[in-house]
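S.K.: next one to model:
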Amino acid sequence: MADQQNIDIKDKRYSIYNSEIPMPNPSTTTTTDNFDIEKEIDGNRYAEIVTRSKKPFFAILRAAIKEDFRFMLPRILMRTAKTMRRIPRTFVIKTQEELDQYVFETIFLWSRSLIKITKMEIEVRGADKILPDRTYLFASNHRSPADIPVLFASIPQPAAFVANDLFGRIPALSYWMRASGSVFVNQGLPQSEVRALKAMEKRLKKGRSLILFPEGHMHQGNGIDEFNRGGLFAAVRCAVPIVPICIYGTEKVMRPGSFHINPYRHVVVEFGEPIETKNLCRADKKGIHLAVHDIIKNMRTALEQEFSS
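M.R.: Residues are numbered from 1 along each chain as shown. Okay, the predicted model is just below:
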């Protein structure tokens, strides 16, 4: 049973992380290169639906039922809602250590179930570079809503997101994100951004790893968009290593703004070498966002070349 999964919270790493994510079978898998790309959709569409509705979960569900003819996204939303069954137990857990264990187990199992529904085949590269007893700021490119469960399932230690505050309005998911220590930010509002940076630093100093999308939005088109400096600089101020992550293939699973899911896609999550921030010179600290951007850009270019050949 899911609740009986063995988790070693002292190591900050689950034993279920060691279970293999299904790998693609070249003879049966449709590669991302053969995918007929949808027309570009405004990625802010989700935000518009959430902000205009008093019941955002049901508004998203209605839109998903209309557009997702495979009925995968409605299944995902219902699977998300089912995690509410596990919420009452959080009120009777006595220790913070046990609560953390339970919260991250729930998030991990939710992520794996979404990967199973969408039939994504995840290939994780370089996860052995991540030490279980260290705190990190994981910095990833952002191409799709699918990036969130993919990262939750691929990062080999508990980590919480720095996320748009719209996620705080979605039932069930918002509860678990808050419980995990996620930081919500209303982009474009300076006061909210300052509060978010302070919250990031507070969590990193307490030894809680975070996941950040430095682009600040889901990027459509070629390459990688420019990175914002603020979130990455929080790691510098806390002397926490930054781990560059490149995701390839999720944009073929679900495009920004779309409610249509394409199953059986091969997705790669590649971890770069952790960047130590403790002894950086002043110039390197100031340009940390440029350095991380270039690393992930090169990783992305290499993956594009690999899968286009």
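S.K.: so which residues of the stretch 201-309 of the chain form strands?
M.R.: 210-212, 242-248, 266-271 (DSSP state E, counting those that start in this stretch).
S.K.: against which helices or strands is the longest one packed?
M.R.: When contacts are defined as 3 or more C-beta pairs under 8 Å, 6 or more residues apart in numbering; DSSP states H and E, strand 242-248 sits against strand 137-140, helix 147-154, strand 266-271, helix 288-308. (Each C-beta comes from the backbone N, C-alpha and C, glycine too.)
S.K.: for I288, find the nearest of the strands of the stretch 201-309 of the chain.
M.R.: strand 242-248 (7.2 Å; C-beta to C-beta).
S.K.: run the chain-centre distance for the closest one.
M.R.: Centre-to-centre, strand 242-248 and its host chain are 11 Å apart (C-alpha atoms, centre = their mean, to the nearest Å).
S.K.: equivalent analysis for stretch 195-204, please.
M.R.: Worked out by C-alpha atoms, centre = their mean, stretch 195-204 lies 18 Å from the chain centre.
S.K.: next: stretch 249-259.
M.R.: The answer for stretch 249-259 is 14 Å, by C-alpha atoms, centre = their mean.
S.K.: that older thread, just name the most buried of the helices and strands packed on strand 242-248.
M.R.: Across those, the average number of neighbours (mean count of other C-beta atoms under 10 Å) peaks for strand 137-140, which reaches a mean of 26.
S.K.: mind listing the strands for the stretch 51-200 of the chain?
M.R.: So, for the stretch 51-200 of the chain - with DSSP E, counting those that start in this stretch - the strands run 121-125, 137-140, 160-164, 183-185.
S.K.: distance of K297 relative to G272?
M.R.: According to C-beta to C-beta, to the nearest Å, K297 stands 11 Å off from G272.
S.K.: give me the neighbour count for W176.
M.R.: Here the number of neighbours of W176 (other C-beta atoms under 10 Å) works out to 21.
S.K.: for P241, that is, sorry about that
M.R.: P241 has 19 nearby residues by other C-beta under 10 Å.
S.K.: dihedrals phi and psi, it?
M.R.: phi -60, psi 140 (degrees, to the nearest 10).
S.K.: so it touches P274, yeah?
M.R.: Yes: the pair P241 / P274 is scored as a contact, 4.0 Å apart, by C-beta atoms under 8 Å.
S.K.: okay, and the common contacts of these two?
M.R.: Y136 (C-beta atoms under 8 Å, 6 or more residues apart in numbering).
S.K.: what's the residue nearest the centre of the chain in contact with, if anything?
M.R.: The centre of the chain sits closest to I148, judged by C-alpha atoms, centre = their mean, with a distance of 2.9 Å. Neighbouring residues of I148 by C-beta under 8 Å, 6+ apart: S111, F161.
S.K.: let me know the pLDDT of it.
M.R.: Predicted confidence (pLDDT) at I148: the value is 94.
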